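Enquirer: below are the sequence and a predicted model; questions follow.
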Amino acid sequence: MVRVGPVPMLSAMMSRSTSAALATVAVLVASLAGCAPVEQPAPPPARNDACVKDKLKTKTPGKLTVATDEPAYEPWFSENLPANGKGFESAVAYEVAKQLGFARIDVQWIRVRFENAIAPGPKEFDFDINQFSITEERQKVVDFSAPYYLVRQAVIARKDSPIAGKTRLADLKGAKLGAQVGTTSYQAITDIIQPTTKPLVYNTNDDAKKALQNGQLDGLVVDLPTAFYITSSEIKDAVVVGQLPQVGLPEAFGLVLDKDSPLTGCVSMAVNALRDNGTLAELEKTWLAEVAGATELT
Amino acid sequence: MTPPVLSCRGLRKVYGGQVVLDGLDLDVAEHEVVALIGASGSGKSTLLRCVNLLEELDDGTIHLDGDHITDPRVDPDRVRRRMGIVFQAYNLFPHLRVLDNITLAPVRVHGRSRAEAEAQARELLARVGLADKAEAYPDRLSGGQQQRVAIIRALVNSPRLLLLDEVTSALDPELVGEVLTMIRDLKAEGMTMVLATHEMGFAREVADRVCFLDGGRVLEQGPPEQVLGEPTQPRTRQFLHRIIAAGRL
Amino acid sequence: MRTVHQPSPIALERAAYRRRQTVRSVLIAAASTGVLGTLLVVAVTGAPGWQRVRQSFLDAGVARAALPEVAAGLWLNLRLLVFCALGALAVGLVVATLRTLRGPVFFPVRALATGYTYTFRGLPLIIVLYVFTLGVPGLRLRGTPPVLVLGAIALILVYGGYIAEVFRAGIESVHPSQLAAARSLGLTYRQTMRFVVLPQAVRRVAPPLLNDIVALQKDVGLVSLAGPIDAVRAAQIATAETFNYTPYIVAGVLFVLLAIPLVAVTDWVTLRAARRQAAR
């Protein structure tokens, strides 16, 4: 049976609990502010002889901790097993490791959610490889290596979607478009396409793909290789409508490191070395071969 | 000869192994006031609830004005409209004003117009001096006032029979009087009543017949002076002795 | 004629003393609050990490920029709240009434109602939402409603289960004599429920019921997992773009402001109900 106290007790309780709440909030804010911020030392300039396994200040000495998302998507990884070396990004990660002097068995994989990796705050990994586009805002809070892949955003749609077969951006304005939250794909929708209805936003690309299959989306925006993978292997009756125009600097993927990480210089050097000796181009040919011939949307 | 208003034959009711009514017989003639006395658990409340068809009998029959009302084919709701019952407590509906408490049944059950029902309700309230309480909610009334309103509510549909189940037992002593006065007035108007009570003095004054219930049946009955003054049964004497010792006679 | 009571010197002295004490207490309270408040503000703003905290969580510029989108998302939360609250209350009331039906002929109805409350109180809301908003449309059934409606249905089903149990508790808490009194007046079972039991039951459980509604206000935002942008999602998007957490604070403040009228209504209804229940 519902018991209710008399009026005076109720208001006394209210003011007691209100003051308790205020006191708690005050204590929390005070303790937050009281924690002195950790000042990161400036990274030393990269030197050739400093970028070897023994000299690198990795999380675990002698081991390289690499992170990616859960699940790890194709064609960047294979079967959600980053350690198997298959898939473009898995392969790139192991090549970078080799450049730095780490053997395959020295590489440890951990899983970090996409938005957590590029959020401000200390990292559990040495670097994260997960289709992170290099952007100015992100560079304020994390370090990026030199770019390892130039990327374009693309729109995919089901064959019976109203936007399948369209070639002009203007034709997409009336469509229900979607993307994963916090991605450059989402920003491409709001900045480049600017549809008349609000885009639909999903926690993961898995949810977004489901919505596409259900017909809840007219089109889904993802990076081009992912677009090709989805349309060829995952959603058979989907097509790549086209690539979105590049606005400003070309978009590129980079490895993510902790802000002012001591490893950034060496990792960047490693990536550049792989580009210069043609390894990156080889890996592209192996894993991203189907990525060609998508319509340019204008 | 007209049949008695109420006629109970061989009533039997068992609650979880306990025999509460054991072959009870009772007749109540028109305009008669019968007081039921007995220890707790002697079956007074159960009897009244069975008469009002709030409980199902295990055996026996009840006739109201000659109609067999414990026939399973009979609609109990229709039968109940011919009776009124008032309980010891929790009678009034707390979320309705006194006026709405009284007019609810006439309007919803008997299909009378709201205006007519309200007029009658106000008149009945005025008669017992509660006219100013018509728009009040039950929580504003004293216990005695609430019981009197409950009685009025039970009367609005001119029932053939009024059942009162220890209506003063939950009241403070100084409030008992006003309720008893009302019952006295009802008797003067010729209302047929069966009341279960602990107020022996009142039973002596207002009842035409007193029935002492013991072991689920009427052990002794007769005019009040006889049952309360010179009971023939030893158990009746024991019971009254306890009542006297408790200072309630 | 009644003489006006003249207080004795002792009474006057007592009153004066109490007045002085009251003034003293008020001054002490004001002084200590002032001192503590000042100390707190000085300590917090002077602390080494305060600047970073302020920048990360209390940036006015970011707040201003994020406010329109977050408010637009909150409008979605509000619309869903009204729709789902009404739906869940209706479903809960019906299910509770069905569960309290007496008589063997109603057994299948009671069993179904009971099964419903057990199932949907046990299922995590997220699972029900995923199944309804992303799973069901995959079946390509004719007449599948849009994703917001599907999400609303999921919320109504889950919250309806909880609310049904709250109503049932209310119905069963009505004193049995009330039912007896109503039946004795000749009211049918349906009339008894409608005029006597349910009005009392609903008033009795208004506090826990409104508590559930306040919880629902937050859970409606979970439909954002299927695409629509609610206040929290809008804050998440803004945060992802700027790496500043102020949008979350903005969303939080708006939610609290939204809850205040709900909580105030709860308190008012509780007090009114408490008065009425005092009737014997």
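Expert: Perfect, thanks for sending it. Residues are numbered from 1 along each chain as shown, chains lettered A, B, ... in the order given.
Enquirer: tell me where chain C has helices.
Expert: Listed in chain order, the helices of chain C (DSSP state H) span C:9-46, C:50-57, C:60-99, C:107-122, C:125-130, C:147-173, C:176-184, C:189-192, C:198-204, C:206-219, C:231-242, C:246-276.
Enquirer: adding mean pLDDT, distance to chain A and mean neighbour count, write these out as JSON lines.
Expert: (Glycine included, C-beta is placed from N, CA and C.) What follows is these, written out as JSON lines (pLDDT from 0 to 100; distance: least, CB to the nearest CB, whole Å; neighbours: other CB atoms under 10 Å in any protein chain shown):
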{"stretch": "helix C:9-46", "mean pLDDT": "92", "distance to chain A": "5", "mean neighbour count": "11"}
{"stretch": "helix C:50-57", "mean pLDDT": "80", "distance to chain A": "4", "mean neighbour count": "16"}
{"stretch": "helix C:60-99", "mean pLDDT": "93", "distance to chain A": "8", "mean neighbour count": "19"}
{"stretch": "helix C:107-122", "mean pLDDT": "94", "distance to chain A": "19", "mean neighbour count": "14"}
{"stretch": "helix C:125-130", "mean pLDDT": "95", "distance to chain A": "8", "mean neighbour count": "17"}
{"stretch": "helix C:147-173", "mean pLDDT": "95", "distance to chain A": "4", "mean neighbour count": "22"}
{"stretch": "helix C:176-184", "mean pLDDT": "90", "distance to chain A": "12", "mean neighbour count": "20"}
{"stretch": "helix C:189-192", "mean pLDDT": "90", "distance to chain A": "19", "mean neighbour count": "16"}
{"stretch": "helix C:198-204", "mean pLDDT": "89", "distance to chain A": "5", "mean neighbour count": "21"}
{"stretch": "helix C:206-219", "mean pLDDT": "89", "distance to chain A": "7", "mean neighbour count": "18"}
{"stretch": "helix C:231-242", "mean pLDDT": "90", "distance to chain A": "3", "mean neighbour count": "23"}
{"stretch": "helix C:246-276", "mean pLDDT": "84", "distance to chain A": "4", "mean neighbour count": "16"}
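Enquirer: of all those helices, which lies closest to residue B:48?
Expert: Between residue B:48 and those, the tightest spacing by CB to CB is seen for helix C:176-184, at 10.0 Å.
Enquirer: isn't residue C:77 up against residue C:230?
Expert: Yes: using CB atoms under 8 Å, residue C:77 makes contact with residue C:230 at a distance of 5.2 Å.
Enquirer: mutual contacts of these two, please.
Expert: C:220-221 (CB atoms under 8 Å, 6 or more residues apart in numbering or on different chains).
Enquirer: quick revisit: residue A:201 is nearest to which of the helices of chain C?
Expert: Across these (criterion: CB to CB), the nearest stretch is helix C:231-242, sitting at 5.9 Å.
Enquirer: domain map for the chain?
Expert: If you meant another chain, say so; for now it's chain A. As recorded under automatic domain parsing, the domains making up chain A are A:48-150+A:252-287, A:153-243.
Enquirer: looking at chain C here, not the other one
Expert: C:9-47, C:63-276.
Enquirer: likewise for chain B?
Expert: B:1-82+B:177-249, B:89-158.
Enquirer: check the offset of the last one from the chain's centre.
Expert: How far domain B:89-158 lies from its chain's middle: 17 Å, per CA atoms, centre = their mean, to the nearest Å.
Enquirer: so that domain, near chain A or not?
Expert: No: using CB under 8 Å from any CB of the partner chain, domain B:89-158 stays clear of chain A, with a minimum separation of 12.8 Å.
Enquirer: any idea how far residue A:75 is from the closest residue to residue C:197 other than its chain neighbours?
Expert: Leaving aside its sequence neighbours, residue C:197 sits nearest to residue C:174 (CB to CB, 6 or more residues apart in numbering or on different chains; 5.2 Å). To residue A:75, residue C:174 is 65 Å away according to CB to CB, to the nearest Å.
Enquirer: now residue C:234
Expert: For residue C:234 relative to residue A:75 (CB to CB), the value is 32 Å.
Enquirer: just list the residues touching residue B:157, thanks.
Expert: B:81, B:84, B:105-106, B:109-110, C:185-186.
Enquirer: please check those residues and keep the buried ones.
Expert: Buried by 16 or more other CB atoms under 10 Å in any protein chain shown: B:81, B:84, B:105-106, B:109, C:185-186, out of these.
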